[in-house]
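A.B. asks: Test case, fold it:
(chains A and B)
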2 protein chains.
Amino acid sequence: MRIALIGFGSVGRALARLVADKREEFPLRLVGVHTARHGTAYGPGGLGAEPRLGEAAQSVEEFLDRAGAEAAVELTTLNPATGEPALSHIRAAFARSLHVVTANKGPIAHAYAALAREARQAGVEFRFESTVMDGAPVFNLVRRTLPGVRVNGFTGVLNSTTKVVIAAMREGLPIEDGIERARRMGITEADASFDIDGWDSAVKAAALANVLMEAEVTPYDVDRRGIGRLTPERVMELAGSGKTVVLATRGRRTASGVKLRVRAEVLAETDLLAAPQGTSNLLLLHTDLMGTVGTISIDPGVEQTAYGVFSDLVDIGRMRGWEEKRPAR
Amino acid sequence: MRIALIGFGSVGRALARLVADKREEFPLRLVGVHTARHGTAYGPGGLGAEPRLGEAAQSVEEFLDRAGAEAAVELTTLNPATGEPALSHIRAAFARSLHVVTANKGPIAHAYAALAREARQAGVEFRFESTVMDGAPVFNLVRRTLPGVRVNGFTGVLNSTTKVVIAAMREGLPIEDGIERARRMGITEADASFDIDGWDSAVKAAALANVLMEAEVTPYDVDRRGIGRLTPERVMELAGSGKTVVLATRGRRTASGVKLRVRAEVLAETDLLAAPQGTSNLLLLHTDLMGTVGTISIDPGVEQTAYGVFSDLVDIGRMRGWEEKRPAR
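C.D. replies: Here you go, the predicted structure:
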């Protein structure tokens, strides 16, 4: 399957390496890479692990027209308030009958139902495993391993920055020092308020609800409170009685639709939800047939985000009947 | 897909209900049920949720010859030391070109490589999701959502009885009282030593290693120590310093093959491995491409074990091209 990357930051580079490493086993070929800022590369015979970028295409549309791909991978930087420009890129790919895989949660949080419909109309696949939990199986877990199951709710610990900040507060450090620590770890964007105020968690909540619970919501529908008012004094006081604070993301079906909530919750230190630290994260799905079942991911990094995209591409290839060189396990 | 159940205890009954409940959505039909003790039922048109058992077939072979199924589900009581009689039942089904799903971990722990080979030779599928973690996605997680991933090791908290016993010891109760509590919860067999001595965990370790790490081991290859020498005094002393004991199951690849170990490990109460209580369980897979990723299951019961069997049957049906009435999510 020929693939074109839109965006070529750390995830894109890790994906290019992974596709090259696994080319004997999985017939994926990178035929185009495009960035508005650093240029564009085309390679019908395969670009390899480290494509050299030349003159930039005038637009994503021009890039896709020329690249000759079967699938587009959308990895540009997110504007969480709108889902753009990813949303336009995805539609440009659908318009050219390309499958789309994205690691951008914005489009899923803002417009999943419309995009899924448009993909069906275009006769292509649309996947997004890496949008929540950095590539650990969440959407593919439900899609591929939980047939017939209805997801009635979920509980997640999905934001890394707040975990690092709260851990710093337990040591008595002010919120700014915690944010600085998260920034040094490379897990916080320039504007940390996106994490601290619970927006990152709200975007993930909306994405989960839209895909797993057919909710048709946006992040603005999430009842959201962040950790901005939390103080080191309060966190240390709680620690003294064996408690801690976790920014938890919860969804549940109600008679009036899916309710979504992001809150700093006070929990026992021994609570399962308090266990994930740093970039580790945890999602529990509350289901009808399989009870409460979940995924946990320990210290994922950019390679795991890239792997999630890779696993989506492989799933599309398998569905569409490529021939793999290795027998399935 | 026409299915025949060998064994009809609580899991078999839950499965019969589930197949009946979901018959509009998934074309599974129960055409035979056999128990040596309580009798046999045949129903080419479908037996429904509560089959009435009549005269027992003389043998599993006679039952399978008459039932006219496409898949056999093996749910008899396990002899963990040998994997029998499940092993013979599975081979009888293969000999009749039937797909097999089992919830019996014995055959997977003792003879997986041979059975997988025999299934391939017979041109049928062989599945066993419910053998570890009661139906939560473990084997199907790797098979269906982690393409190209190599499992280099695992860490599991997989035995319920020892969790209940250690929790009782934290309250100062002797081991016998903890075992009695587990028995009242319905999670311990007549002979609790199978759990206490770590055999249950060793059987699961061997099953995981055989399937996920191509190990070709048996439970006798597991370096195993149970919780039999643990005392309430020791557990309470550890609790005083924020620690607890967990019967952990670990596997890892080494230069000389896969090493498997079951041990009562002293861990911080806040450790992720210490979080699952009662029948809840947790398995972390240590992989090359996806880092450490895992499954967690909260309070599964017999319905979840039945669901694991159901999910295997659906996966076989999908692979073999049945037509589902509902579009995939």
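A.B. asks: Just the helices from chain A, written as ranges.
C.D. replies: A:10-21, A:60-67, A:86-95, A:105-122, A:139-145, A:160-170, A:175-184, A:193-196, A:199-212, A:232-240, A:302-319 (DSSP state H).
A.B. asks: right, and A:Glu303 touches A:Leu15 too?
C.D. replies: No: counting by CB atoms under 8 Å, A:Glu303 does not reach A:Leu15; the two are 9.3 Å apart. The C-beta positions use only the backbone N, C-alpha and C, and glycine is treated the same way.
A.B. asks: State the pLDDT value of the residue nearest to A:Gly123 when sequence neighbours are not counted.
C.D. replies: Of all residues not flanking A:Gly123 in the chain, A:Ser97 sits nearest, at 6.7 Å (CB to CB, 6 or more residues apart in numbering or on different chains). What the model reports for A:Ser97 is a pLDDT of 97.
A.B. asks: which ones are touching A:Leu15?
C.D. replies: By CB atoms under 8 Å, 6 or more residues apart in numbering or on different chains, the residues touching A:Leu15 are A:5, A:73, A:75, A:306, A:309-310.
A.B. asks: Over to A:Asp65?
C.D. replies: If a contact means CB under 8 Å, 6+ apart, then A:Asp65 has A:Arg96 as its contacts.
A.B. asks: residues contacting the residue most central in space within chain A?
C.D. replies: Centroid-nearest residue in chain A: A:Thr131, 1.3 Å away (criterion: CA atoms, centre = their mean). Contact partners of A:Thr131, counting by CB under 8 Å, 6+ apart, are A:102-105, A:108, A:204, A:207.
A.B. asks: State the distance from it to B:Gly7.
C.D. replies: Distance, A:Thr131 to B:Gly7, using CB to CB, to the nearest Å: 42 Å.
A.B. asks: next one: A:Ala72
C.D. replies: A:Ala72 sits 50 Å away from B:Gly7, taking CB to CB as the criterion.
A.B. asks: more neighbours, those two?
C.D. replies: Neighbours were counted for A:Ala72 and for B:Gly7 using other CB atoms under 10 Å in any protein chain shown; A:Ala72 has more, 28 against 22.
A.B. asks: Number of residues surrounding the closest residue to A:Ala239 other than its chain neighbours?
C.D. replies: Leaving aside its chain neighbours, A:Ala239 sits nearest to A:Arg170 (5.3 Å; criterion: CB to CB, 6+ apart). A count of nearby residues for A:Arg170, using other CB under 10 Å, gives 16.
A.B. asks: hang on, isn't A:Arg170 packed against A:Gly240?
C.D. replies: No: the pair A:Arg170 and A:Gly240 fails to qualify as a contact (CB under 8 Å) at a distance of 10.3 Å.
A.B. asks: circling back to that earlier point, would you tell me which one of the helices of chain A is buried the most?
C.D. replies: helix A:199-212 (a mean of 27; mean count of other CB atoms under 10 Å in any protein chain shown).
A.B. asks: That helix: how far from the chain's middle?
C.D. replies: Helix A:199-212 sits 10 Å away from the centroid of its parent chain (CA atoms, centre = their mean, to the nearest Å).
A.B. asks: before we move on, what about stretch A:43-55?
C.D. replies: Taking CA atoms, centre = their mean, the mean C-alpha location of stretch A:43-55 is offset from the chain mean by 26 Å.
A.B. asks: And stretch A:172-190, by the same measure?
C.D. replies: The answer for stretch A:172-190 is 21 Å, by CA atoms, centre = their mean.
A.B. asks: Does chain B have contacts with it?
C.D. replies: No: applying CB under 8 Å from any CB of the partner chain, one finds stretch A:172-190 separated from chain B by no less than 14.9 Å.
A.B. asks: Just the residues contacting that stretch, thanks.
C.D. replies: A:160-161, A:164-169, A:192, A:195-196, A:227-228, A:230-232, A:236, A:278-279.
A.B. asks: What parts of the stretch 51-200 of chain A come near chain B?
C.D. replies: Counting by CB under 8 Å from any CB, the positions of the stretch 51-200 of chain A adjacent to chain B are A:135-137, A:140-149.
A.B. asks: could you redo those as TSV and give each row pLDDT?
C.D. replies: TSV is the format used below for those (pLDDT from 0 to 100):
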residue	pLDDT
A:Gly135	93
A:Ala136	97
A:Pro137	98
A:Asn140	97
A:Leu141	98
A:Val142	98
A:Arg143	96
A:Arg144	96
A:Thr145	97
A:Leu146	98
A:Pro147	97
A:Gly148	97
A:Val149	98
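A.B. asks: shaky segments in the stretch 151-300 of chain A?
C.D. replies: Along the stretch 151-300 of chain A, the model assigns pLDDT under 70 to no residue.
A.B. asks: domain ranges for chain A?
C.D. replies: Listed domain ranges for chain A are A:2-135+A:303-319, A:151-299 (source: automatic domain parsing).
A.B. asks: Among those domains, which comes closest to B:Thr249?
C.D. replies: Closest to B:Thr249 of these, according to CB to CB: domain A:151-299, at 16.2 Å.
A.B. asks: which stretches of the stretch 1-150 of chain A have low pLDDT?
C.D. replies: Where the stretch 1-150 of chain A drops to pLDDT under 70, the residues are A:78-81.
A.B. asks: B:Phe154: which of the domains of chain A is closest?
C.D. replies: Using CB to CB, the nearest of the domains of chain A to B:Phe154 is domain A:151-299, at 12.4 Å.
A.B. asks: Can you name the residues that contact the residue nearest to A:Ala239?
C.D. replies: A:Arg170 neighbours (CB under 8 Å, 6+ apart): A:232, A:235-236, A:239, A:244.
A.B. asks: 10 Å - rerun?
C.D. replies: A:178, A:232, A:235-236, A:238-239, A:244-245, A:269 (CB atoms under 10 Å, 6 or more residues apart in numbering or on different chains).
A.B. asks: From B:Glu70, how far out is the nearest residue to A:Pro300 once chain neighbours are set aside?
C.D. replies: Distances taken as CB to CB, 6+ apart place A:Asp134 nearest to A:Pro300, at 4.0 Å, with adjacent residues excluded. Applying CB to CB, the value for A:Asp134 to B:Glu70 is 40 Å.
A.B. asks: Same drill for those two, tell me which one is more crowded.
C.D. replies: In this view A:Asp134 and B:Glu70 are compared by other CB under 10 Å, and A:Asp134 has more residues nearby, 28 against 21.
A.B. asks: Pull the most distant pair out of the contacts of A:Thr131.
C.D. replies: Pairwise over those, using CB to CB, the maximum falls at A:Thr102 and A:Lys204, 14.1 Å.
A.B. asks: Ok, which of the domains of chain A comes nearest B:Ala86?
C.D. replies: domain A:151-299 (23.7 Å).
A.B. asks: The closest one: how far from the chain's middle?
C.D. replies: The answer for domain A:151-299 is 15 Å, by CA atoms, centre = their mean.
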